[in-house]
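Undergrad: coordinates only, sequence not included:
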DNA sequence: TTTTTAATTGAACATCGTTTAATTGTATGG
DNA sequence: CCATACAATTAAACGATGTTCAATTAAAAA
C-alpha cells in the first residue's frame, strides 16, 4: 500500500503517539510493544520507523506527551491554589505525586527509557521536558523572593531530584517507603527544610 | 543430558548469578539476556528456570548480589572514616554515589526491575536488600544522638529517597541534573539540611 | 495521461522468554 | 554388579518482539 489520505503527517504523528501512550499506560514500559501501538492505529510497524526514525524516537515522543500532560496538571494545580508561598509549594509537590499516581505506567516510562543522546532529541520534545523545570523554577524563585540566579537554578534541580526520589521509590514499591503512608508529605517536608535553609 | 557433576547446586546458583551479573553490567537491564548468561555459564536457558523458578527469580538474585556488594562498599567506607558525625554522613553519601557510578548498569538494574510481589522473594534476597537500610539507620541514629524510634526510621527512608533521587536522575542523564557537576554534593547538602532541621 | 515521488506494507531475520517432552548422568536397591 | 528410579539438563518448539528493506501503490507533478 502506498501513500494514504487517511491522515495528514501531523495527524498521523499524533495518532501514533496517542495509541502508543495508551499501550504504555496499559502495559508499562517493560511490556510495551510498538507493533501493538501501530496495530491499534491501523498502520503497520514500519510506519513508526518512518515517522519517528526508530523506536527510540517513538518512545521519546510518547514520553514527551506524558511530560506535557504532567506540566498541564501542575499549572492547573497552581492556578487553583489561592494560598500564600508555602501553600503553593505544597500544591506543587502534591500535584507532582498525584499525576504520577494516576498515570503510573506512563510516568515511570519516562525514567525507564534511557535516551541515547547521540540521536538528537527533537526540539519540541526537548522543550516539553524543560517546561516542567521551568514551572518549579518560577515557583521556587517566587518563594525565595529574590531574582533567579545560578544558585537558584541549581537548588531547583536538587529539589526536583528530592521529590523524584520519593515518588519513584514509592511507585516502584521499593520497600524503602513501603510502610510510608504519605510519601508526598515526606518529600514536601524535605523540600520545605531545604527552602528554609536557603533563606537563613 | 542429565545430572552433571560439574557443580554442586550452590556452586551452580552462584555461577549463574555471577555470569548474570556480568551480562547485566555489560549490557544493562534493557538488553539483558538470560540466554546469554546461561551460555557463558556453559548451561542452557532451562537451567535458569530450574534454579530460580523463572526470569523474575533470576533477576532478583542478580540484583540482590549487587545489593550485597553495595552494602559492603558502604560498610568499608564507614570503617575507613575517622572523622566526626558530619563526616560519617558525608562518607556514606559519597560512597553511595561512588558505587552507583562505578556499577552503573548493575545499580540501575535494581530499580529497572519491577518485582511482582505475588512471587515471594527468597529470604536471603530479602535480607540483602534490608541490610542497606539498616546501615543508614544506624548512621542516622548515631548522628541524631538519640535512640532509634519510629520517626527516625521514617526520616531514614525519606533521606534514602532523597539521595536516591539525585543518584538516579544523575545516572540516567535526566535533564534535571544534566548540568550538575556534583550531584552527590547536592544530595549531601539536602541530607544535612534535613538532619539539622530534626535537631532544632 | 504519464511520470515521478514518497508513504506504506509485508516478509524476512535474529533474538527473546517460556514451556515441555525427551534425554542422560547419578544414585539407589537388590 | 546390574537394573531400576530419580532428577538435572537440554533441545526444540512457540509466539512475540525490534529492525530492515525491497516491493507496492496512492497521490502529486508534469
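TA: In hand now; what should we look at? Just so it is clear, the model here is predicted, and its values are computed rather than measured.

Undergrad: Give me the spatial nearest neighbour of the spatially most central residue of chain A, chain neighbours excluded.
TA: Most central in chain A under CA atoms, centre = their mean is residue A:67, positioned 3.6 Å from the mean C-alpha point. Nearest residue to residue A:67 in three dimensions, chain neighbours excluded: residue A:128, at 4.5 Å (CB to CB, 6 or more residues apart in numbering or on different chains). All C-beta spots, glycine's among them, are computed from the backbone N, C-alpha and C.

Undergrad: before we move on, what about residue A:186?
TA: Counting by CB to CB, 6+ apart, the residue nearest residue A:186 is residue B:158, at 4.2 Å.

Undergrad: Then residue A:111?
TA: Excluding the flanking residues, the one nearest residue A:111 by CB to CB, 6+ apart is residue B:172, at 6.2 Å.

Undergrad: hang on, the earlier thing: ok, the residue nearest to the centre of chain A - contacts?
TA: Residue A:67 makes contact with A:110, A:128, A:129, A:131, A:132, according to CB atoms under 8 Å, 6 or more residues apart in numbering or on different chains.

Undergrad: can you redo the residues you listed as CSV with secondary structure and pLDDT?
TA: Shown next, in CSV, are the contacts of residue A:67 (DSSP: H, G, I helix; E, B strand; the rest coil; pLDDT from 0 to 100):
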residue, secondary structure, pLDDT
A:110, helix, 97
A:128, helix, 88
A:129, helix, 89
A:131, helix, 95
A:132, helix, 95
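
Undergrad: which bits of chain A sit near chain B?
TA: Counting by CB under 8 Å from any CB of the partner chain, the residues of chain A close to chain B are A:28, A:30, A:111-112, A:114-115, A:117, A:129-130, A:133, A:154, A:157-158, A:160-166, A:168-170, A:172-177, A:180, A:183, A:186-187, A:189-190, A:193-194, A:196-197.

Undergrad: circling back: for the helix or strand the residue nearest to residue A:186 falls within, packing partners?
TA: Element membership of residue B:158, judged by DSSP states H and E, is helix B:150-171. Judged by 3 or more CB pairs under 8 Å, 6 or more residues apart in numbering or on different chains; DSSP states H and E, the packing partners of helix B:150-171 are helix A:150-171, helix A:183-199, helix B:85-102, helix B:104-112, helix B:123-144, helix B:183-199.

Undergrad: Nearest approach to residue A:87 belongs to which of these?
TA: helix A:183-199 (11.0 Å; CB to CB).

Undergrad: counting contacts, what elements does the closest one pack onto?
TA: If contacts are counted by 3+ CB pairs under 8 Å, 6+ apart, helix A:183-199 sits against helix A:85-102, helix A:123-144, helix A:150-171, helix B:150-171, helix B:183-199.

Undergrad: Mind checking the pLDDT average for it?
TA: Across helix A:183-199, pLDDT averages out at 97.

Undergrad: ok, and for that helix, which residues are buried?
TA: By 16 or more other CB atoms under 10 Å in any protein chain shown, the buried positions in helix A:183-199 come out as A:183-195, A:197.

Undergrad: so who does the residue in chain A positioned nearest to chain B touch?
TA: When scored by CB to the nearest CB, chain A has residue A:165 as its residue closest to chain B, at 2.2 Å. By CB under 8 Å, 6+ apart, the contact set of residue A:165 is A:187, B:161, B:162, B:163, B:164, B:165, B:166, B:168.

Undergrad: For the second one, give me the pLDDT.
TA: Per-residue pLDDT puts residue B:161 at 97.

Undergrad: Now do the lowest-mean-pLDDT helix or strand in chain A and helix A:85-102, the angle between them.
TA: In chain A, the helix or strand scored least confidently by mean pLDDT, DSSP states H and E is helix A:123-144, which has a mean of 93. Helix A:123-144 and helix A:85-102 meet at an angle of 150 degrees, taking axes from the mean of the first three to the mean of the last three CA atoms, to 10 degrees as the criterion.

Undergrad: tell me what helix A:123-144 is packed against?
TA: Applying 3+ CB pairs under 8 Å, 6+ apart, we find helix A:123-144 packed against helix A:55-80, helix A:85-102, helix A:150-171, helix A:183-199.

Undergrad: Please tell me how far the closest residue to residue A:170 other than its chain neighbours sits from residue B:119.
TA: Of all residues not flanking residue A:170 in the chain, residue A:183 sits nearest, at 4.2 Å (CB to CB, 6+ apart). Per CB to CB, to the nearest Å, residue A:183 is found 25 Å from residue B:119.

Undergrad: go on, residue A:6?
TA: 44 Å.

Undergrad: Which residues are in contact with the residue nearest to residue A:170?
TA: Contact analysis of residue A:183 by CB under 8 Å, 6+ apart lists A:97, A:166, A:167, A:169, A:170, A:177, B:161.

Undergrad: Neighbour-wise, which one of those residues leads?
TA: Counting neighbours by other CB atoms under 10 Å in any protein chain shown, residue A:166 leads these with 31 neighbours.

Undergrad: wait, it sits on residue A:177?
TA: Yes: using CB atoms under 8 Å, residue A:166 is in contact with residue A:177, at 7.0 Å.
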